[in-house]
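K.L.:
Fold the following for me, if possible:
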Amino acid sequence: MLYYLVAYAAASTQQIRERTGRHHRDGGYSTEMIAVTAFVVALALAALAILGPKVLEKINGVTL
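P.N.:
This next block holds a predicted model:
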């Protein structure tokens, strides 16, 4: 009886290890994606800060 209990505990432990190991197989992909997205957003804001006033100047310079 004790042998079966030990075998069950070992099997359960192995299943838990396999399940938790599957969740970490992305290799940091989500963290990398967040960093890339933040970089792209920063570039977009920089482009808006540089080009925004020039575009507004052109728009205000249009006479109808």
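K.L.:
for Thr63, helix, strand, or coil?
P.N.:
coil (DSSP: H, G, I helix; E, B strand; the rest coil).
K.L.:
Start the count at 3 instead of 1 going forward.
P.N.:
Sounds good: first residue 3 from here, last item Thr65.
K.L.:
How much space separates it from Val57?
P.N.:
When distance is defined by Cβ to Cβ, to the nearest Å, Thr65 is 17 Å away from Val57. (C-beta placed from N, C-alpha, C; glycine too.)
K.L.:
what do you get for Ala44?
P.N.:
20 Å.
K.L.:
Please enumerate the strands of this structure.
P.N.:
Along the chain, counting by DSSP state E, no stretch forms strands.
K.L.:
and Thr65 and Val57? which has more neighbours close in?
P.N.:
Counted by other Cβ atoms under 10 Å, Thr65 and Val57 do not tie: Val57 has more neighbours, with 10 against 4.
K.L.:
per-residue confidence for that one?
P.N.:
For Val57, the model assigns a pLDDT of 93.
K.L.:
try Gly63
P.N.:
With respect to pLDDT, Gly63 scores 92.
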